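Chemist: attaching a predicted model along with its sequence, questions to come.
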Amino acid sequence: MRKSLFLIWYLLLGSGPLFAEEITLLYTGETHGALYHCDCPAEPDGGIARRAALVRKLRGENPNTLLLDSGAFFAGGIMDANSQNTELDKARTRVNVKGMELMGYDAAAIGDDEFSFGREFLEEIIEKAKMDFLSCNIKLKKTSAYIIKEVAGLKVGIIGVSTPLKKEKTGGLDVFSPEAEVSSIVAELKKKSADIIILLSHLGETDDTALISKVSGIDILISGHSRAKEEIYSKVGPVLVLRPAWQGRRLGKAKLVIKDKKIADFKVENIRLSSEIPDDRAILSILPECFSDANCRQEGSMGTCQDRGTNKSRCVFTRATEIPLTIIVPKICKVCDTADIIKFLKNKLPGLNVSYLHYPDDKAKQMVDNLKIKGLPAYILDKTIEGEKNFNELNKDLLNKEGGYYILRPSFTGISYFLGREKIKGKFDVFISLYDKNMSGVIGAIRDFKPAVHFLALEKNGEIEAAKGKPEVEEDMRSLCVYKYYPENFYDYIACRAENIQSTWWEDCLGKQEQDREKIMACAKGQEGKALLLENTGLTRELQIMFGPAYLMDNQEVFGTSGVPSREELKKTLGRD
């Protein structure tokens, strides 16, 4: 009996782990000292008080959690949208770092923005803060090249690498080769039996990719020094690359499933720091009420920040001046959504009073004619806006003056309904680039509706240009040559090319028509291909459509999609149920 119990005990405990462990990585980067939620028309998310509350909640769900930052947490750099002056930006930095300390950050990489106020200020912050700051290629006092954390019985090595900077920027400190230093540290961590190695990199994505292609042994890279892409993660060879959200508006979370001390599986998400998350009380105790007027928001009032950036700061509100906004919309428009624009304007003009006119009612038609409006919705502001403190900011970038009114520029608001165009029921046009990462899925969703396809290319000084340059123009011309000579194969061809757009073997997408490769080449290389593309993009130019995928319905209503639309969504929008 004793032998049996011993055998069971040995199998469960003595022969190595039989069950998977889970480690949670929480991460930020490029926060730029953003203390409060963003002043955004859509998803006004963020703020260190919400972040702290969410971190506490997630740590409660899994104690095996690491909290990391890839750099640019100081205020005041060129990418800091909230920058005011040196003293206020320094104060905001101190509050932000204290907030990170209270949240219990395990480590933060030193980025270029951390030198914005000079070496002495950075070293002062590092000296006082109770957290680890990492850089393997810039040797600062009280920083380390790496740390090792024990999590779930594993040794996790965490390295920091900084943006290469000139010696003057670093206050005379030498900056060493990122590749050589990271390679040396990875080897050192392996000697110390690190099971997983995480690199907090502030090099930028291009240099990150080059680095991890040359240095083996890195399991996870958390990127910095670039605006986050739409993809929140990717795999570069065996390395999982994580991309933090801009200005801390979301908290990155990677759940790692560990088996035999290796990452067996993972799940990545960026969690919104929305108003549904309550503010953390400890953070609120160190957070000034405001640093600028932009932090003072109250519906229907104008806010002014007094004693900004201090523990005595407070928002003082006065009743906002009423600013009439007239929005002209068609009586019937399936895709005319005004909510986001109104929300944006109310952030800038708290006294906004919104009313609607419906085209082609007499009053709406008269205003459209008088103000030479070409597309709807149209957003028309009364001249009383001239007295508002945000007027100059709006007028510089967003407003056109016409007939005593200020009209929001269509380039900002977008157009959903084109005036003066004949309604052609059932007509469906799409505007696309085969280089769009979602295009293979988009083509799969739209092809059953048989739309007319227009490419996103424009003529400039006698030459045709596209976002991806000459390769995209050439592919557009080949596609149109396929359409001219083999229209029944057109969708198969562009779907195939969209799926393999980086391949130069376009002939592989010709299918049964492979024997006619020479005909397609001759068409695409000559004036015939150019003429076809100019004709194809005529509607693109006329409607001034610059981005896609975009869709024109019934020759009047235009809309866009993010990602891949479903057939059901398109059916509903097009009225083809």
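Modeler: Sure, I can see it.

Chemist: distance check, residue 110 against residue 73.
Modeler: Remark: distance between residue 110 and residue 73 (CB to CB, to the nearest Å) = 10 Å. Glycine gets a C-beta too; all of them are placed from N, C-alpha and C.

Chemist: next: residue 486.
Modeler: Between residue 486 and residue 73 the distance is 56 Å, computed by CB to CB.

Chemist: who has more neighbours out of these two?
Modeler: Neighbour totals were compared for residue 486 and residue 73, and residue 73 leads with 29 against 18 (other CB atoms under 10 Å).

Chemist: give me the three-state assignment for that one.
Modeler: Taken by DSSP: H, G, I helix; E, B strand; the rest coil, the conformation at residue 73 corresponds to coil.

Chemist: domain assignment for this protein?
Modeler: By the record's domain assignment, the chain is partitioned as 24-284, 320-418, 428-574 (automatic domain parsing).

Chemist: comparing those, which comes out most buried?
Modeler: Mean neighbour count (mean count of other CB atoms under 10 Å) peaks for domain 24-284 among the domains of the chain, with a mean of 19.

Chemist: now do it: distance from first to last residue.
Modeler: Distance between the boundary residues of domain 24-284 (CA to CA, to the nearest Å) amounts to 26 Å.

Chemist: quick one: distance of that domain to the chain centre.
Modeler: Averaging C-alpha positions (CA atoms, centre = their mean, to the nearest Å) puts domain 24-284 17 Å from its chain's average.

Chemist: try stretch 280-296
Modeler: 25 Å.

Chemist: same check, this time on stretch 325-339
Modeler: What separates the centre of stretch 325-339 from the centre of its chain is 27 Å, taken as CA atoms, centre = their mean.

Chemist: what residues does it touch?
Modeler: Residues outside stretch 325-339 that contact it (CB atoms under 8 Å, 6 or more residues apart in numbering): 342, 345, 349, 352-361, 364, 367-368, 373, 376-382, 416-417, 553, 557-559, 573, 575.

Chemist: restricted to helices, list those residues.
Modeler: Among the contacts of stretch 325-339, the members falling in helices are 342, 345, 364, 367-368, 573 (criterion: DSSP state H).

Chemist: which residues make contact with the biggest helix by length in the chain from outside it?
Modeler: Under DSSP H, the helix in the chain containing the largest number of residues is helix 86-103. Under the contact criterion CB under 8 Å, 6+ apart, helix 86-103 has outside partners 31, 33-35, 48, 51-52, 55, 67, 69, 73-76, 80, 82-83, 108, 116-117, 121, 125, 129-131, 282-283, 286-288, 291-292, 308-310.

Chemist: what segments of the stretch 151-300 of the chain are helices?
Modeler: Secondary structure of the stretch 151-300 of the chain (DSSP state H, counting those that start in this stretch): helices located at 178-191, 205-214, 281-284.

Chemist: confidence score at residue 5?
Modeler: Reading off the confidence values, residue 5 has pLDDT 40.

Chemist: residue ranges with poor pLDDT in the stretch 101-250 of the chain?
Modeler: Per-residue confidence for the stretch 101-250 of the chain (pLDDT under 70) gives these ranges: 227-230.

Chemist: next, the contact list for the closest residue to residue 266 other than its chain neighbours, please.
Modeler: Nearest in space to residue 266, with sequence neighbours left out and distances taken as CB to CB, 6 or more residues apart in numbering, is residue 256 at 5.2 Å. Counting by CB under 8 Å, 6+ apart, residue 256 touches 22-25, 196, 263, 265-266.
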